[in-house]
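Engineer: from the sequence below, what's the structure:
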Amino acid sequence: MRRKILLLLLLLAAAGFAGWWFFLRPDPGAAPVFSGSIEARTVQVGSLVGGRVQTVHVDEGATVAAGQPVVTLEPDLLDLQIAEQRTQVASLQAALARTRIGPRTEEQRRNQIAWRAAETNRKRLEAVWKAGVISRQEYDNAAVAEQSARQTLEEGQHGGTQQDVEVARQALAGAEQHLGYLERQKQELVVAAPAAGVIEAMDLRPGDLVAPNQAVATILERDQLWVRVFVPEPQLGLVHIGQPAAVSVDTFPGRRFPGRVVEIRQQGEYTPRNIQTPEQRSDQVFGVKVRIDPAPELKAGMAATVHLLSAGAVAGPGANLAAGRRG
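Structural biologist: Residues are numbered from 1 along each chain as shown. Just a heads-up that it's a prediction; the model follows:
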């Protein structure tokens, strides 16, 4: 009796194995299938200078194009600084030109008159000094005044020295650089979308204060979609960069969205708890990033199934996407 029971158990085990082999065994030619969720790249935008909000151009959930203004800050204070700096630049430009060409004709005439007057005064005091009426010190002072007036006249006739021109040029360059800095700050008063996407988060009103380097909005780039799946180490040899893939979601069960493997992590890890199965808890896996071609129907957060295809396969409906079972 015991032998009969043992024989019956062996027959049942053989029948079960045969059934698995013919009906449930994975098809080695089928595309590997993995599960994950759709993710999208987000961008946080803000201003380098901060300020008071003047205008909010879009609402949360709105679709924006690349370069479209999102928020504008008040420009009043910065406009005053820019106007003042432009006046300073114009003044230094005039000073540089004056240093290069020397004083105007009217100034040269005044310098000549001053020298003539100093020369006449020196000659008068020379005669008085020789007569013993004044001291030598008074005469020397007059001689020095004449020499200084003559030097001023000669410098005006030849323009400024190379050192004077260089000093004036450096002063102008510094003022122009500061003006450029202020104008660049003014550009930061308009916070624009760096790429097309959807405003995922923003809570601002006119009059709100925004600190420098503070994000004012989060933009979700809908054309930058991907699925992160985890491939067990024994199957890693079936995956390579550039490999085509087909992505399916529960919302559109009959559709396959084309994608491509763009990244394979170099470091192995254990299957994350949020997607693990009891059979894989101790398996070492490698993260694989599959980028999906832009599709307005897909949303970040959707559960997705990724079918990795062979190089010549087409990621379309019915294209080598067997679930890995024999019929």
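Engineer: where do the helices of the protein begin and end?
Structural biologist: 2-19, 76-101, 105-130, 136-158, 162-187 (DSSP state H).
Engineer: now the angle from the third one to helix 136-158?
Structural biologist: Put plainly, it is helix 105-130. 160 degrees (axes from the mean of the first three to the mean of the last three C-alpha atoms, to 10 degrees).
Engineer: average pLDDT across helix 105-130?
Structural biologist: Here helix 105-130 scores 76 as its mean pLDDT.
Engineer: quick revisit: let's have the helices of the chain in TSV, adding distance to residue 238.
Structural biologist: Quick note: C-beta positions are derived from backbone N, CA and C, even for glycine. TSV is the format used below for those (distance: least, C-beta to C-beta, whole Å):
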stretch	distance to residue 238
helix 2-19	25
helix 76-101	58
helix 105-130	87
helix 136-158	84
helix 162-187	50
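Engineer: state the distance from residue 133 to residue 119.
Structural biologist: Distance of residue 133 to residue 119, computed by C-beta to C-beta, to the nearest Å: 20 Å.
Engineer: more neighbours, these two?
Structural biologist: Shown here are residue 133 and residue 119; by other C-beta atoms under 10 Å, residue 119 has more neighbours (17 against 10).
Engineer: show me the contacts for that one.
Structural biologist: Contacts for residue 119 (C-beta atoms under 8 Å, 6 or more residues apart in numbering) come out as 146, 149-150.
Engineer: for residue 198, give its distance to residue 231.
Structural biologist: Plainly put, residue 198 is 31 Å away from residue 231 if you go by C-beta to C-beta.
Engineer: closest one of the contacts of residue 119 to residue 90?
Structural biologist: Using C-beta to C-beta, residue 149 is the member of the contacts of residue 119 that sits closest to residue 90, with 31.6 Å.
Engineer: could you check how many residues crowd around that closest one?
Structural biologist: 21.
Engineer: got a list of what the nearest residue to residue 73 once chain neighbours are set aside touches?
Structural biologist: Ranked by C-beta to C-beta, 6 or more residues apart in numbering and with sequence neighbours excluded, the top spatial neighbour of residue 73 is residue 51, at 3.8 Å. Residue 51 is in contact with 73-74, 77, 189, 209-210, counting by C-beta under 8 Å, 6+ apart.
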